[in-house]
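Colleague: Need the 3D shape of this:
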Amino acid sequence: MTRAAGFHPAPGCSPGGSGRSCRGATRAAGFTLIEVLLATMLLAAGLALGFATVRAAGATAQRGEAIAARNERMRAVSEFLRRRIGSAQGMVFELDPGTGASRRFGGEAQDMRFVADLPDYLGRGGPHLHALRVRRDGDGLALLVDFRMVLAGQTVQGGDARPPEPLADGLRSVAFAYRGPGKDGRPAPWLYEWEHPDALPSQVRVRIADAQGAWPDMVVALPQSSSYGVAPEDAK
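Modeller: Coordinates of the predicted model:
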């Protein structure tokens, strides 16, 4: 039998070979539909796994950045409050108009006032009334601080006075507590209102919580409370 012009048998299939061997060689030269579908499924699964890994890595990095930013915020606010509260001097900043009693410290659950030297980087320096207040800010709370100069036992509204500045916002709760010396040398219970405006408490506690949870409790000792403090309960 004469071979037609241009005819080339498949590799492994001789012109005189049987038809069965030629058909097997033809099938071996390509891919079946099932093999193509299987390869496509494996490729899609690999791509999905790769995208999921990249997405998880991005989410982990974002969570890490958020945690680092929150920790830095807590550290900065806590350090500021520790320095300012701990430097309270016990100077008179107000006189009761009815009794004439001196006011050296004012403390409530969400308001605190005391006099301390203002650092140069915050203003002109010298004794200033520090007013810490908690105010509603949208859906959360904001902790604000205000500074006013104090002269001769009176608060002076300076010409360069600035509006209250936010220390932290987006908070869920803020609470100040105070205590003085107790019986037998032990601290007295915490109070959410300081009852001795002419004296300094021995310690101030600050509790803050935001949407992610509670901050570590901050307890600040006031070194000058021994000079402007109240007598222990057992010495009254």
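
Colleague: for the protein, what helix or strand is lowest in average pLDDT?
Modeller: helix 19-28 (a mean of 52; mean pLDDT, DSSP states H and E).

Colleague: need the next SSE after that helix, C-terminal direction.
Modeller: Downstream of helix 19-28, the next assigned helix or strand under DSSP states H and E is helix 33-86.

Colleague: Pull the distance from that next one to the chain's centre.
Modeller: Centroid separation between helix 33-86 and its chain, computed with CA atoms, centre = their mean, to the nearest Å, is 18 Å.

Colleague: so what strands line up beside the next helix-or-strand element following it?
Modeller: Per DSSP H and E, the first helix or strand lying C-terminal to helix 33-86 is strand 94-95. Strand pairing for strand 94-95, determined by DSSP bridges: strand 102-103 (antiparallel).

Colleague: Show residues contacting the strand it pairs with.
Modeller: 92-96, 153, 197-198 (CB atoms under 8 Å, 6 or more residues apart in numbering). Quick note: C-beta positions are derived from backbone N, CA and C, even for glycine.

Colleague: who wins for most neighbours among these?
Modeller: Within the contacts of strand 102-103, F93 tops the neighbour count with 25 neighbours, counted by other CB atoms under 10 Å.

Colleague: Can you give me the pLDDT of V115?
Modeller: Listed pLDDT for V115 reads 95.

Colleague: ah, wrong one, I meant L47
Modeller: Confidence score, pLDDT, at L47: 84.

Colleague: burial of it, as a residue count?
Modeller: 10.

Colleague: quick one: low-confidence parts of the protein?
Modeller: For the chain, applying pLDDT under 70 flags the ranges 1-29, 123, 158-161, 232-236.

Colleague: which residue is nearest the middle of it?
Modeller: For the chain, the residue nearest the mean C-alpha position is R70 (2.7 Å; CA atoms, centre = their mean).

Colleague: Show me which residues of the longest strand anywhere in the chain are buried.
Modeller: Using DSSP state E to define each element, the chain has its longest strand at strand 165-179. For strand 165-179, the neighbour count (16 or more other CB atoms under 10 Å) marks 167-168, 171, 174, 176-179 as buried.

Colleague: Columns distance to S227 on top of these, output as CSV?
Modeller: Putting the buried residues of strand 165-179 into CSV (distance: CB to CB, whole Å) gives the following:
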residue, distance to S227
L167, 28
A168, 31
L171, 33
V174, 29
F176, 22
A177, 22
Y178, 17
R179, 17
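
Colleague: Out of the residues you listed, flag the one nearest to A44.
Modeller: L171 (46.7 Å; CB to CB).

Colleague: Roughly how far does P216 sit from Q89?
Modeller: Distance of P216 to Q89, given as CB to CB, to the nearest Å: 27 Å.
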